[in-house]
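build the 3D model from these lines:
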Amino acid sequence: MGDGQKADRARIAVVDVGKTNIKLSAMTLDGVLVESLSVHNEVRPGPPWRQHDLKGISGWLFGSLASLCRHHPLEKVVGTGHGSAGVLVNADPDETSALPMIDYEQDLPPAIRDGYAPLSGDFFDRGSAIMLKAAHQARQLYWMQQVDPERVAQARWYLGLPQYWAWRLSGVPSTETTILSAQSHLWNNVRKQWSPIVAGQGWQRLMPPFHPAWGTLGPIRHDLARRHGIPEKLSVLTGGHDSSLNLYRYQAAGMRDACVISTGTWIVGMCAATPLDQLDENRGMVLNSDVTGRPVGGVLTMGGREFSHVAGQGQEETAADAALVSLLIERGTFALPSFGDDDGLFPGSAGRGRFEGPPAETPAERKALAVLYAALLTTECIDALNEDGLVALDGTFLRDPLYATLVAALRPNAETVYNLDSYGTASGAALLGEHQTRDTPAPIALSRPTAFAGDREALATYAQRWRELAKRNNLQQGKTSKRNDR
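The predicted model follows:
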């Protein structure tokens, strides 16, 4: 398809707010990327905390949206983003925020950390363990309330990221199930009610009305449209959580019970078929939601950071060598979790990662070991989700063809497919534009990995040994830690 033909089909703009970058894309309603613009998501120092530059982002976003509308016949705009941030606002959508938006990757003051924990409720109230740093919308609002109770008392709404930008564009406040179920600690998606902390802290008045992710909130604000040259007919949708909308892309393609493993800084696994009683918060398991409100089991582990620890620098563009993977298996060279600050699937393992067996001596061997380690972490995520059927892989790990090959080889009795699109979240968000009218499955390109050319039995034996060593490593470290604490 030529660029002109694709441009003629672009009908929806997608605002994708990531931790590092913000993208604004012109998409077709069947999820094809036509044009994308991006800007760095700047974080500034406090006081009172490290904060995102919402004013700067606003100017870029409104101007870029006007530019895309001049080049494409856009009819709708929708937002998506991570779930680790809320924005407290006053009643006027022209005001940026009532208090600065908190950067969730900063350390908490001890008083905030300790004061929040007993208020956070049970697992279903939280949807996760209490995570590192300043994650969780509820904890951020608690921090705001402790620092500036007067501003919080005067504020009108507390909004998730996609709904914040929808409110700035439309003037209509909203909340939505996928963003609240992304470990906000504000919403119990099993009981379909606000978590106890909302009433306990008097926050009910800050919680906006519910709207579905695909719902039209209204047209863009007339004053905003005139000010920036944006067409006044542009409709604003509610939007939703990034990983949930990536899952929606598969569901819209007819895979209602899809198990999807997305890879990047985090390995994010989501599976609607996972029994809720098997979700173990001590193993990085979480409870999310799909766009219809159905509870979805999930798992989180910082696979990208683990990969980087093992691979080292300078190997990003080099493909792993299958022969070296076979050599590492034969030699018994292992990377054992966890090298980063996150326990992931192995409780107590944070910062205790180590290598076992003959070392990987060359950069190429380290890259091969990193890909093998990533595949083992991925299959551990799949097993935790209790999934023995079709699994779809996507994200940055797929840049190395051997990754999908190894995951498939580690699941010999189940089907593994992968998708190479680098814009899955934006694609899922774009598909919301025809959620109510779509009568055929949305297109999605899925491929099957090439067969593993090495010894499959040796790989299976290696994987079993890796699990034993990983668990033993954590048990031994835990005992050492307890002795040192005495």
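
in the stretch 1-150 of the chain, where is pLDDT below threshold?
1-7 (pLDDT under 70).

show me where it has helices.
Remark: helices assigned in the stretch 1-150 of the chain by DSSP state H, counting those that start in this stretch are 3-9, 54-71, 110-116, 123-126, 137-147, 149-154.

give me the contacts around the fourth one.
Spelled out, it's helix 123-126. 120, 136, 183, 185, 188-191, 195-197, 279, 281, 287 (Cβ atoms under 8 Å, 6 or more residues apart in numbering). For glycine as for every other residue, the C-beta is placed from the backbone atoms N, C-alpha and C.

those in helices, which ones?
Of those, the ones assigned to helices by DSSP state H are Pro196, Ile197.

return the closest of the contacts of helix 123-126 with respect to Asn246.
Gln183 (16.1 Å; Cβ to Cβ).

quick check: phi and psi on the spatially closest residue to the closest one that is not a sequence neighbour?
Excluding the flanking residues, the one nearest Gln183 by Cβ to Cβ, 6 or more residues apart in numbering is Ser128, at 4.2 Å. Backbone geometry at Ser128, expressed as degrees, to the nearest 10, gives phi -170, psi 170.

quick check: the gap between Ser128 and Leu234.
35 Å (Cβ to Cβ, to the nearest Å).

look at these two and report which has more neighbours.
Just comparing Ser128 and Leu234: by other Cβ atoms under 10 Å the higher neighbour count belongs to Ser128, 24 against 20.

these two touch, right, that one and Asp280?
No - Ser128 is not in contact with Asp280 according to Cβ atoms under 8 Å; the separation is 11.0 Å.

contacts for stretch 61-78 next, please.
7-8, 10-15, 22, 24, 26, 34-35, 37, 39, 162, 165-166, 169, 216, 220, 224, 227-231, 233-239, 429-430, 432-433.

6 Å instead?
By Cβ atoms under 6 Å, 6 or more residues apart in numbering, the surrounding residues in contact with stretch 61-78 are 7, 10-14, 24, 26, 37, 228-231, 234-237, 239, 429, 432-433.

buried sites along it?
61-62, 64-69, 72, 74-78 (16 or more other Cβ atoms under 10 Å).

try stretch 210-227
His211, Pro212, Ala213, Trp214, Gly215, Thr216, Leu217, Pro219, Ile220, Arg221, Leu224, Ala225.

what about His418, how many neighbours?
One thing to correct before we go on: residue 418 is Tyr, not His. Count around Tyr418 with other Cβ under 10 Å applied: 23.

same question for the one 5 residues further on.
Close neighbours of Tyr423, defined as other Cβ under 10 Å, add up to 20.

who are the contact partners of Leu206?
Trp157, Tyr158.

pull up the gap between it and Gln137, please.
Distance from Leu206 to Gln137, by Cβ to Cβ: 11 Å.

for the residue positioned nearest the centre of the chain, which non-adjacent residue is spatially closest?
Among the residues of the chain, the one closest to the centroid is Ser243, at 4.5 Å (Cα atoms, centre = their mean). In space, Ser243 comes closest to Val268 once its chain neighbours are excluded; the distance is 5.0 Å by Cβ to Cβ, 6+ apart.

what pairs with the helix or strand hosting the one you found, parallel or antiparallel?
According to DSSP states H and E, Val268 maps onto strand 267-271. Note on strand 267-271: by DSSP bridges, its sheet partners are strand 259-263 (antiparallel), strand 295-301 (antiparallel).

select, out of these, the one closest to Gly312.
strand 259-263 (18.7 Å).

distance between that closest one and the chain's centre?
Mean-position distance between strand 259-263 and its chain equals 10 Å (Cα atoms, centre = their mean, to the nearest Å).

contacting residues for Ser447?
Tyr418.

what of Ala408?
By Cβ under 6 Å, 6+ apart, the contact set of Ala408 is Thr416, Pro449.

now do the phi/psi pair for it.
Dihedral angles for Ala408 - degrees, to the nearest 10 - are phi -60, psi -40.

show the pLDDT at it.
Looking at Ala408, its pLDDT stands at 98.

and it, how far is that from Leu247?
Here the criterion is Cβ to Cβ. By it, Ala408 lies 20 Å from Leu247.

and for Thr178?
9 Å.

kindly report the same for Val299.
13 Å.

and these two? which has more neighbours close in?
Set Val299 next to Leu247 and count neighbours by other Cβ under 10 Å: Leu247 wins out with 31 against 26.

need the phi and psi values for Gly229.
According to degrees, to the nearest 10, Gly229 has phi 70, psi 40.

quick check: closest non-adjacent residue to it.
Closest to Gly229 by Cβ to Cβ, 6+ apart is Ala66, at 4.5 Å.
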